[in-house]
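**Student:** The following block contains a protein sequence and its predicted model.
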Amino acid sequence: MSKQAQPHTETNANTGFAPGWYIVAASKDVGMNPKPSLLNGLPIVTFRDSSGQSVALLDRCAHRNAPLSAGRVIGGNIQCHYHGWEFDRAGACKAVPGLCGEPDHPARRVPSFACRDSQGWVWVYSEANVDPDSAPYEIPCADQAQYLTIRERLEMPGPLDAVAENALDVPHTAFVHAGLFRKNSDRQEIEVVIRTLAGGVEAQFIGEQRPEGLAGRILAPHGGEVLHWDRFILPCIAQVEYRLSDRSHIIATTALTPRTPTVTDMFATVVVKAPIPNVFLRTVVKPVAMRILRQDMEILRRQTEQVARFGAEEFASTEIDVLGLRIKKLLREASSGKASPPQEERRIKMLV
Amino acid sequence: MSKQAQPHTETNANTGFAPGWYIVAASKDVGMNPKPSLLNGLPIVTFRDSSGQSVALLDRCAHRNAPLSAGRVIGGNIQCHYHGWEFDRAGACKAVPGLCGEPDHPARRVPSFACRDSQGWVWVYSEANVDPDSAPYEIPCADQAQYLTIRERLEMPGPLDAVAENALDVPHTAFVHAGLFRKNSDRQEIEVVIRTLAGGVEAQFIGEQRPEGLAGRILAPHGGEVLHWDRFILPCIAQVEYRLSDRSHIIATTALTPRTPTVTDMFATVVVKAPIPNVFLRTVVKPVAMRILRQDMEILRRQTEQVARFGAEEFASTEIDVLGLRIKKLLREASSGKASPPQEERRIKMLV
Amino acid sequence: MSKQAQPHTETNANTGFAPGWYIVAASKDVGMNPKPSLLNGLPIVTFRDSSGQSVALLDRCAHRNAPLSAGRVIGGNIQCHYHGWEFDRAGACKAVPGLCGEPDHPARRVPSFACRDSQGWVWVYSEANVDPDSAPYEIPCADQAQYLTIRERLEMPGPLDAVAENALDVPHTAFVHAGLFRKNSDRQEIEVVIRTLAGGVEAQFIGEQRPEGLAGRILAPHGGEVLHWDRFILPCIAQVEYRLSDRSHIIATTALTPRTPTVTDMFATVVVKAPIPNVFLRTVVKPVAMRILRQDMEILRRQTEQVARFGAEEFASTEIDVLGLRIKKLLREASSGKASPPQEERRIKMLV
């Protein structure tokens, strides 16, 4: 009670933007037709060069600022539709049609971004003209033989931290997803352990029984205790992991890419192992997941609209908001280049 | 002439927002389904508690700022749709599902607004967490036996002061409502007396003949002199009263609630006594009133759009703009907590 | 090469608005119904008075700021729809219905603009209450017997300087209009002479062969050298002139009127003399011109959107951008009342 008796009201702390690797598209959607994206408001064009490697450049011709994504790929370079200037994968200018002389020049370069295909997604490093020493996040179990792997892209209303908190929040499921997992009755007390990860935070839920809703009954028809972790990992990973009996295992990893201050692209990779055939699993998991996500989109849209009407967030938290404030803090620190020392493990009680 | 020869150009004086009682909805429209409104840009949710009393809270959950109006009323409290937090009519937090411990806490309160049903309308006091010592405005003759009472809600383009001036302005009727009341010919000189009321201002028109238009002919088929007053009463009442012979009496009382800086909700209560049966009166008064109001909406929309293009009002007034500048002054003073001493009665001439 | 080796990146220099004569409408479209226009964001109403002369006033009633263009012309004056105030061609107030006394007063005047019909267009001088000592630009060859004259109005996305540069730019034609005039192959070196005009700048192209595209083949079926000039003349004229053999001559004169910071009205007068019958010429010139203009609108829209996303232009130019920077400089100087001395004639090479 002592801690819980001291909740506080947080006024909007702009969480900023954490540098790092973000997904901008599915690998299959990037090809010879230039594809425009927005990464934290910055227009980015992606395409594949002659060797099939994915390329990411600022989507603005150095000449007259037309979007390069309106042009085409020619000889592995991207050609602007306005005056035909061409840029290679490093952003160097390779052609200024009509000009007598060398096209390349420092003032004519387009900023380029490190770009990699990994696990079915095209990842872009958020800082221009940098060769990052880190690699994109590795999604656990993706495309492993025992797992069904489902990929989906959704446009979520809300800033990254609101979408991440929503994805990792337990208490809202009894209301927004009433009937699909938990319900607001017959609650039992469980323990939650909150621990610092490298560049992230994890909540482990101990003593939780299999949720009674539809999703739980499909994955663990015989009930039993559930192992459950929620994780946020900088700059953009929100991950929910469930183990229900030793035969069912599900990890939903979402990579969140801010488009604008109030719209976040969600690139979800869901891996499932369950004691039912994959062909049946696929027909069930995706519709249920989409129903959950549409419900979340609706409440996030309402939350985002209301925050916009007031001009800023004004949140009050309790101890069962186990990850929301930590996510904001991680983002705030990463965006300003600071980092706190790891926090001590913390244990709280929650009714689920 | 001396005064009239000194007109002045007024640049936009933001008239501000006067604290007080405003209508947000018809009583019949507030029930167990939470209803969202905007009061001067502030989202408000209204509903009825278990005793049937109307309740007004800030439409923002203290927790994650979702609109409470997206939730539902349960046991007389309003329950947020996101995490199920519940708030009572005073805004106190009565449930935080999942939390082990007491839900109520100062940081988890939602601001509440004094709220009363009166004369068919739900009135809300504009300042949060205040027990006002005043009562809502009492609409004269509403629901009295000899009077037909008509209620209507309209969304008017324009700020409160522009809508109030339009409602109380005589000269525009010959143009915007040509044919319905006055016309721009055969004008006669009348006298207008302008007096200070408590928290308001009144213009009385002396010597006016029954207008020749359709509205006049219905209410006073035999002509004669008209007694006519236009009134503005803080914070939001614009009222037009006509007596045509001793058998016809009409008072149109509009309560104006600013939604945004350029949209004003108009809650109109029209009471009519006339020497024709109510059943006939109703079939005539409402269509004529609606036609007048639609014409006013159109010119207010054009005025508001043009002021927006220029960024500010730049008005020139003459002495026959009898109430416009006084309304602006009353609102400006009330919004800044000042009050002028009553002004002396003033008499001018006007051609109608 | 020395100059070309020193390109520079220009960040957005707001080019401002040059005072002078602008077209707001075709003469045939201005009559007894008041017509609203926007001149650099300023609402203007045009109409004809009793003598048939065109009149331009600020489109804002001095009284309550309703748009005069919502009113009507009565006795040669414009009457506001709201309260019936009337204004003459000089903007003086001629009627305040209901007022006992003289309507005219300095505070009740509406700003008026010099306004002339010339060559099928209504030209307005951009500064209010000024009797300009200059005349509107005279469009060469318009309505001359040997020429077919075509007039067209289009709304172009983009600020005036971007639309003017686009209209006068050679290198983009091989890409945006691929197939219609030039192509990006078999290029030959030509010389471009850039000279200062009075209040303008001209580029002359020397040694250019007839373009191979459709437009060239219609106008000069037998090929040969082309005489070609591109001109910008303050405040708003972009002009392209071609002579192909001594029998074909085309001048496309566009008068550009900024509506808003990102939308420009283009009033085009195209005069053509060619060795084919006018009836055939008309059926060909207009569709080809419209196809070219639609392609330009599309790339201008994309450029304008992308500049808006970044908040400002960030252009890199080469010496074959022969007029763009000069147009910006002319506009910047004219808007701030400065003027540079004439620049020396400059010659560069270009591949076309």
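**Tutor:** Here it is on my side, so go on. Nothing here was measured: the structure is a model prediction, and the numbers come from that model.
**Student:** from here on, contacts and neighbour counts on C-alpha atoms
**Tutor:** Fine.
**Student:** pretty sure A:Val24 is touching A:Asn40, no?
**Tutor:** No: counting by CA atoms under 8 Å, A:Val24 stays clear of A:Asn40, with 10.7 Å between them.
**Student:** Give me the common contacts of these two.
**Tutor:** Residues touching both A:Val24 and A:Asn40 (CA atoms under 8 Å, 6 or more residues apart in numbering or on different chains) are A:Thr257.
**Student:** When these two are compared, which one has more neighbours?
**Tutor:** Higher neighbour count among A:Val24 and A:Asn40: A:Val24, with 30 against 20, using other CA atoms under 10 Å in any protein chain shown.
**Student:** looking at this, that one is in a strand?
**Tutor:** Yes: assessed by DSSP: H, G, I helix; E, B strand; the rest coil, A:Val24 belongs to a strand.
**Student:** Could you pull up the residues touching it?
**Tutor:** A:Ser37, A:Leu38, A:Leu39, A:Trp121, A:Val122, A:Trp123, A:Val124, A:Thr257.
**Student:** hmm, which of these are the buried ones?
**Tutor:** Buried members of those, counted by 16 or more other CA atoms under 10 Å in any protein chain shown: A:Ser37, A:Leu38, A:Leu39, A:Trp121, A:Val122, A:Trp123, A:Val124, A:Thr257.
**Student:** Which of those lies at the shortest distance from C:Asn129?
**Tutor:** C:Asn129 lies nearest to A:Leu38 out of the buried ones among the contacts of A:Val24, by CA to CA, at 47.9 Å.
**Student:** Not counting sequence-adjacent ones, nearest residue to that closest one?
**Tutor:** A:Arg259 (5.0 Å; CA to CA, 6 or more residues apart in numbering or on different chains).
**Student:** Now do the contacts for the one you found.
**Tutor:** A:Ser37, A:Leu38, A:Leu39, A:Asn40, A:Gly41, A:Leu42, A:Asp265.
**Student:** Most widely separated two among those residues?
**Tutor:** Every pair of these checked by CA to CA; the farthest is A:Leu42 and A:Asp265, at 13.6 Å.
**Student:** Give me the more crowded residue out of these two.
**Tutor:** Remark: of A:Leu42 and A:Asp265, A:Asp265 carries more neighbours, 26 against 17, as counted by other CA under 10 Å.
**Student:** ok, the more buried one touching A:Pro159?
**Tutor:** No: the criterion here is CA under 8 Å, and A:Asp265 misses it with A:Pro159 at 9.7 Å.
**Student:** what's the neighbour count on A:Arg153?
**Tutor:** A:Arg153 has 15 neighbours, counted by other CA under 10 Å.
**Student:** meant to ask about A:Gly337, not that
**Tutor:** By other CA under 10 Å, 10 other residues sit near A:Gly337.
**Student:** Now it: phi and psi?
**Tutor:** Backbone geometry at A:Gly337, expressed as degrees, to the nearest 10, gives phi 80, psi 10.
**Student:** Please tell me how far it sits from chain B.
**Tutor:** Taking CA to the nearest CA, to the nearest Å as the measure, A:Gly337 falls 27 Å from chain B.
**Student:** Using PDB, write down the CA coordinates of the strand or helix carrying A:Val163.
**Tutor:** Using DSSP states H and E, the element containing A:Val163 is helix A:160-168. Output of helix A:160-168 as PDB, limited to C-alpha atoms (Å, rounded to 0.1, in the frame of the first residue of the first chain):
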ATOM      1  CA  LEU A 160       5.300   4.800 -30.200                       C
ATOM      2  CA  ASP A 161       5.300   4.700 -26.400                       C
ATOM      3  CA  ALA A 162       1.400   4.600 -26.200                       C
ATOM      4  CA  VAL A 163       1.400   1.700 -28.800                       C
ATOM      5  CA  ALA A 164       4.100  -0.100 -27.000                       C
ATOM      6  CA  GLU A 165       2.400   0.300 -23.600                       C
ATOM      7  CA  ASN A 166      -0.900  -0.900 -25.000                       C
ATOM      8  CA  ALA A 167       0.800  -4.000 -26.600                       C
ATOM      9  CA  LEU A 168       2.400  -4.900 -23.300                       C
END
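**Student:** thinking again about what came up before, next, the residue nearest to A:Leu38: secondary structure please.
**Tutor:** strand.
**Student:** which residues touch the residue in the stretch 51-200 of chain A that chain B sits nearest to?
**Tutor:** Closest residue of the stretch 51-200 of chain A to chain B, CA to the nearest CA: A:His172 (4.4 Å). The neighbours of A:His172, taking CA under 8 Å, 6+ apart as the test, are A:Asn166, B:Tyr82, B:His83, B:Gly84.
**Student:** again, 7 Å this time
**Tutor:** Neighbouring residues of A:His172 by CA atoms under 7 Å, 6 or more residues apart in numbering or on different chains: B:Tyr82, B:His83.
**Student:** ok, now A:Arg64?
**Tutor:** C:Phe315, C:Ala316.
**Student:** Parallel or antiparallel, which strands does the helix or strand containing A:Ala238 pair with?
**Tutor:** Using DSSP H and E, A:Ala238 sits within strand A:237-244. In the sheet, strand A:237-244 lines up against strand A:226-233 (antiparallel), strand A:248-260 (antiparallel) (DSSP bridges).
**Student:** Run the angle between it and helix A:160-168 for me.
**Tutor:** 0 degrees (axes from the mean of the first three to the mean of the last three CA atoms, to 10 degrees).
**Student:** looking only at pLDDT, what's the mean for strand A:237-244?
**Tutor:** For strand A:237-244, the mean pLDDT works out to 95.
**Student:** cool, stretch A:205-223 as well?
**Tutor:** Across stretch A:205-223, pLDDT averages out at 79.
**Student:** Give me the distance from it to the chain's centre.
**Tutor:** 25 Å (CA atoms, centre = their mean, to the nearest Å).
**Student:** So it, near chain B or not?
**Tutor:** No: using CA under 7 Å from any CA of the partner chain, stretch A:205-223 stays clear of chain B, coming no nearer than 12.7 Å.
**Student:** wait, isn't A:Gly223 in contact with A:Arg210?
**Tutor:** Yes: with contacts counted by CA atoms under 7 Å, A:Gly223 reaches A:Arg210, the gap being 5.3 Å.
**Student:** Those two: which has the busier surroundings?
**Tutor:** Ranked by neighbour count (other CA under 10 Å), A:Gly223 and A:Arg210 place A:Arg210 first, with 24 against 16.
**Student:** How about the secondary structure of A:Ala107?
**Tutor:** Per three-state DSSP, the secondary structure class of A:Ala107 is helix.
**Student:** what about it, how many neighbours?
**Tutor:** That count, for A:Ala107 with other CA under 10 Å as the rule, works out to 18.
**Student:** Brilliant, that's me finished.
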